[in-house]
Structures are given as structure tokens and as C-alpha cells.
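S.K.: One predicted model, sequence on top.
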Amino acid sequence: MRKVMVIPTYWAREKSDGWHVGDAVYDHPTPIDEEGTLRRTLESMRILSYKDFKLVLIICPTTPEIANAAEKRVLDIVNEAALQVETYLLTISDLEKFKTIFSGNDAPDQALPLVSLAGYANVRNMCLMCANILDADAALLIDDDEVFEISDFVERAVEFLGKRVYGDVVYGMAGYYLNKNDQYYDDVVPESWMTYWDRFVFKAKAYDEIIGCAPRIKRTPFAFGGAMIIHRDLFRSVPFDPQITRGEDLDYLINSRMFGFSFFLDNTLSIKHLPVKKKHPEWKRIREDIYRFVYERSKLNSQYKTSNMVLVTAEDFDPYPGAFLKGDLDEMIFRSNSMLAMQYMAQGNAEGVKESLNNIAISQKEAPPMFDAFSRYRAVQKSWEQLDGIISTKRYLLRKIMEEHNLSKKPILLDNQHVRQLSPEEILDYIRSVFYFTDKSFDWDSIKHMFYVNTFYEGEMVFKSGDFNDSIFVLIKGEIVLYANSPSNEDGVEITRLHKGDIIGESCISHEPFLLNGRATEFTEIIGLHSDNLQKIVDKYPVSGINLYKQILFKIVVKRREDNQRIAKMIGTPAAMGATNFGS
């Protein structure tokens, strides 16, 4: 399973400069002249036992004026953290290049605004888009104010993803936050005005039911944006709703349920959440809640039957956020803000009184959308799928943009035979990581000289249709796109993509040439075994040789089945068509 971890990081003007009218508003962007929390997050990743994933850091400046300075700050932090993880940066300029490709490939005008870093929902969508461009099976969404404390976090995160649990497929997996006291509750002090807006009590009840109780994996009505793991089938189909300015994680779970995708929570998958203390007054924080809950209630209430969606209710998300999506929401807003105004009055805070009472008016006049929220989101989802279709056909060009900020690229010198010299022991380590043998009499030392390594740079052809093939290969690094020649498309028609552990050149067994073209989309290495040497292994070690054949066949069948399902989904036909021979 290919994994991409994405971390947005938010940056603002220098502290002395402050916020300007027109700047984006985020909870705690780091002034570019301060340290911030990103370094702490990256350094905590050293504890991770599994690092075979790609890391994308999305740089989100509050204004384009500081974009270059923010990029330099993040670059310095990454270099100092010295992680052993393939790391990419995504910048505002990259998004403009994305838009050029999308618009040049008939993306509708209404889809292009989704390629944006304005607002939390759009930032999350760019997290999903990066994972898609990098051809991930799983997107791991993490925030830059968190600390990893579990060494096998990545393994746990994807352990059940895409598998069936309790009669349903796990398309989304939620972890959960621990506060500074190692508790899963919100770190807040109750106040009297919360009597009628007791969001934290409902949250605590939900957390106790889902996080605090067995079994380990269970369906969940809530999720945390900084501990959210999403399967490719879900993130390619369902976007975050750009109309949501806060609480985009809960809203995404609602949207996913509408399209028939289930979220589960793993009560062993925790991450320490250490946010900067919020500076906004209480009236402003409750106003943000009013906007999102009123909008989400409107989206639920405006649902209608469609052929590809599921009707959901507020009760489906009880106790939280369901309690804030029902008919008594208006009464809760009135009572809580009235009490908050009285609290401000006792403090002599005239502005607080005014803004608290203004919240009541806003909930009736400004917060309710002046459009059909459900239909609007359906249009957004359709645009998202149109962008996904372009990504599928132009992935190489989009990936090339991201590779410009691949911080892990290192020049590798090759010899005249296009081969990087790996020792036989290193080669065997790779082979052992891909294939498994139980025959104790198998002599690895006697066969290690049979293997060799071929290396290719980004964009280089690995083979062409019709080339003679006398070896079978295992991909150990990088990616190879297989495509068929097409008179109407100079780039050919993409058939599939091969990744680490995939088999190439199985046609050598039947002495057939390559039927497709293969091109490296990034620095790529393959280990080769000549067909004659493969037969020698079978002759000398029949048990292990046949076992090797079985494992090769199994990998080929699994890969073909996955590709068949992907193609069937794209063209809308049943996937039960058997294995397709791509002739690689």
C-alpha cells in the first residue's frame, strides 16, 4: 500500500507587522520570524519505525507577500530535522502550474477554484490532491501542531484501511488527539454560558462511547482532521466542502457518509495535540460554530433522493456533532449567547455584549445559506471527480511539478551499462523483502550472483513495445508507467503504474516481447533475473523454485485485479472480467 503523509503548515507576516486586511484567517499561523510548531512535529517523526512513505508539507501563507519567506523557513526546518523520509514541499506557485494543466485539459471553470489554499477546507483538498498525484493508496492527514508518540503509528493507521470490518469496508480511519495531560478530552474550563452550548459535554460523551470503549475498531460519528487516514477510493471521489470555514473534518465525515463511504475509529491510534493557545474571544469562537452548524444542518435538511447517494440524518451523528444539527439549534444559540452577553455585562465588556447578541441575529440572517447547500455540494463533488479524471491521464505532468520541490532528490552516478553497483548482499536484502522462502536448504549465496540492477532517471524509457525480453524484474524503487501507443495521443494511453514490489517482464517466461511501453516517472531501480537463471533455480531447488513462481504469479494476479477494478470504476462496468494480460 502506497502511503502519502500530508502536513499543512500555516505562516503569517512578522509578528511586529501583524494581520492586514485581506490576509487569510487561520487559528494560529506562525509569524515568519518565530519558531512555530512544525520543527517539533517533524522531529517527533524520528520515533516512527516505518518510514517508507512520502511526506508532503503544504506551505500555507496568510498572504502571497510572504510566500517566498515562508518557503525558506520551512526548507530550513526540514533540512535541520534531517528526516529519513522522502519529502516534498507544495507552494502557491505549484498550484498555479496545476491550474494551467487542468485548464488546458478541459477542466470546467467551476472546478478550478478547488485548486486553492484559501481556507481550511481547500487546504485539506490540496492534501487529498497531492496524495492523488503521487498515486497513493492511503492519505495520512496530520497537522503541524502534533507530536508522534507511537512508533508504529503508520502501520496502525493503514492496518484496516480498505478491509471489511463488521460488514462494511473501511474507507476512512480516524485516530484521536491526546491533550497535554494525555487525556482524550478537550482541555477547556467550563463556564456558565456553556449550559446551553455545551459542545464539550456532548464531545466528551461521544469520545467516551467511541474512544473509551471496546472494540478497538468501530464506526464513528466524528473524526479529527489531524489524525485522519483516507483510502484512495474515498479521497478521489469525495472532497471537503469549501463552504465550511471551520470543522471541515466533521463535515467531511458527513459528506463521506452521504456518498456511502464509512469512517471508523481506532482507539489505539492516538497522537499528541499541542495547539497554540487560542486568542479569539468566546463570542468569536461560538460565532464560528454557528456558521458551520447552521450550514451543515441546512445541507442535511436539503437532501433529496439521488441514485448514487445515501440519505443521512442528524441522528446518524449522535451524540456529537448530531446534537448541534437538529431543530433545537436555534434555541441553543439564543440561550447560550444571551447568557454569554450577561457574563460580558458583568465584566463591563460592552463589545462582548454587543457581539454576543449579534450572534443571535447572524444565526437567523447571515449563517443560513441563500442557496441549496446539498445541490451546491453535489456540484462541487462532480467538479472534484472531473479534476480526478484529468489527474489520471496527466499524472506525469502534475507529478513533474511536485518533483521540482522534492527535497530528497540526490544525483546518482551510473556506469556505462546504465547500472548502479549494488553488492550481492544488498540485492538479496531487497529480494528477501519481496519474496519469502521456507526451504531451509535454499542456498542464497549460490544464487546472489544471478541478479543485477538496472537504474533509470525520471522520464527515461525502461522498455518499448516490441522490445525483446529475456528477464523478469522486481521494482525496488520509484515508479514505472505502462502505456499503449495511440495515434491520437503522442503520450500514449496510460494503462497502469508499477511501484515497489511489483513484477515487470513476466512475458519472458513465454519468450514473448514487451507489448506495452514502460517509462520511469521518477528515479527508478529494478532488480533483474534472466529467464535461464530462473529455470536454474527451479532445477536446483524445486520446492523454492516453484514457490518463487507461485509468488510471482500471485503478485501479477493481484496487480491485474486492482487495475481491472480501477478501469471498471472509470468506465462504469463490472470488474469481474478476470486478469488482463498487459504483456509487460
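M.R.: Received, thanks.
S.K.: Ends of stretch 387-405, what's the gap?
M.R.: 22 Å (CA to CA, to the nearest Å).
S.K.: what's residue 146 in contact with, if anything?
M.R.: Counting by CB atoms under 8 Å, 6 or more residues apart in numbering, residue 146 makes contact with 41, 44, 177, 226, 227, 271, 272, 273, 274. C-beta here means a position set from N, CA and C on the backbone, and glycine is covered the same way.
S.K.: Residue 116 contacts residue 129, correct?
M.R.: No: checked against CB atoms under 8 Å, the pair residue 116 and residue 129 is beyond contact range at 10.5 Å.
S.K.: the more surrounded of the two?
M.R.: Taking other CB atoms under 10 Å, residue 116 and residue 129 do not tie; residue 129 has more neighbours (26 against 16).
S.K.: Which other helices and strands does the helix or strand where that one lies contact?
M.R.: Under the criterion of DSSP states H and E, residue 129 resides in helix 120-133. Counting contacts by 3 or more CB pairs under 8 Å, 6 or more residues apart in numbering; DSSP states H and E, helix 120-133 is packed against strand 3-12, strand 54-61, strand 86-90, strand 138-142, helix 232-235, helix 248-258, helix 373-393, helix 395-403.
S.K.: For these, give me CSV that also has distance to residue 354, mean neighbour count and mean pLDDT.
M.R.: Output for these, formatted as CSV (distance: least, CB to CB, whole Å; neighbours: other CB atoms under 10 Å; pLDDT from 0 to 100):
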stretch, distance to residue 354, mean neighbour count, mean pLDDT
strand 3-12, 27, 24, 96
strand 54-61, 32, 24, 96
strand 86-90, 41, 21, 94
strand 138-142, 38, 25, 97
helix 232-235, 42, 23, 96
helix 248-258, 29, 23, 96
helix 373-393, 29, 18, 95
helix 395-403, 48, 18, 87
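S.K.: Need these in CSV (columns: distance to residue 334).
M.R.: Below are the helices and strands packed on helix 120-133 laid out as CSV (distance: least, CB to CB, whole Å):
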stretch, distance to residue 334
strand 3-12, 34
strand 54-61, 35
strand 86-90, 43
strand 138-142, 35
helix 232-235, 37
helix 248-258, 23
helix 373-393, 22
helix 395-403, 49
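S.K.: Out of those, flag the one nearest residue 107.
M.R.: helix 373-393 (5.9 Å; CB to CB).
S.K.: Who are the contact partners of the nearest residue to residue 195 once chain neighbours are set aside?
M.R.: Closest residue in space to residue 195, ignoring its immediate chain neighbours: residue 339 at 6.7 Å, by CB to CB, 6 or more residues apart in numbering. For residue 339, the contact set (CB under 8 Å, 6+ apart) comprises 192, 193, 195, 196.
S.K.: Just these: which are in helices?
M.R.: Judged by DSSP state H, the contacts of residue 339 include no members of helices.
S.K.: Can you tell me which of these comes closest to residue 282?
M.R.: Out of those, the member with the shortest distance to residue 282 (by CB to CB) is residue 193, at 7.3 Å.
S.K.: Quick one: distance of the helix or strand in which the residue nearest to residue 195 is found to the chain centre.
M.R.: According to DSSP H and E, residue 339 maps onto helix 329-347. What separates the centre of helix 329-347 from the centre of its chain is 39 Å, taken as CA atoms, centre = their mean, to the nearest Å.
S.K.: Stretch 295-311 too?
M.R.: Distance, centroid of stretch 295-311 to centroid of chain: 25 Å (CA atoms, centre = their mean).
S.K.: Quick one: mean pLDDT for that stretch?
M.R.: Across stretch 295-311, the average pLDDT comes to 95.
S.K.: can you check stretch 187-207 too?
M.R.: Rounded mean pLDDT across stretch 187-207 is 83.
S.K.: which of the residues in that stretch are buried?
M.R.: Neighbour counts over stretch 187-207 (16 or more other CB atoms under 10 Å) mark 193, 194, 196, 197, 198, 199, 200, 202, 203, 204, 206, 207 as buried.
S.K.: Just give the number of residues close to residue 184.
M.R.: Using other CB under 10 Å, residue 184 has 18 other residues around it.
S.K.: going forward can the numbers begin at 684, since that is how I track them
M.R.: From this message on, residue numbering opens at 684, which makes the last subject residue 867.
S.K.: where does it fall, phi/psi-wise?
M.R.: Dihedral pair for residue 867: phi -90, psi 0, per degrees, to the nearest 10.
S.K.: got the CA coordinates for the helix holding residue 812 in CSV?
M.R.: Coordinates of each C-alpha in helix 803-816 appear next as CSV, following Å, rounded to 0.1, in the frame of the first residue of the first chain:
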residue,chain,number,x,y,z
TYR,A,803,-9.1,25.1,5.8
ALA,A,804,-11.4,23.0,3.5
ASN,A,805,-9.4,24.0,0.4
VAL,A,806,-6.2,23.2,2.2
ARG,A,807,-7.5,19.8,3.1
ASN,A,808,-8.5,19.3,-0.5
MET,A,809,-5.0,20.0,-1.6
CYS,A,810,-3.8,17.4,0.9
LEU,A,811,-6.0,14.9,-1.0
MET,A,812,-4.9,16.1,-4.4
CYS,A,813,-1.2,15.7,-3.5
ALA,A,814,-1.9,12.1,-2.4
ASN,A,815,-3.7,11.5,-5.7
ILE,A,816,-1.0,13.0,-7.9
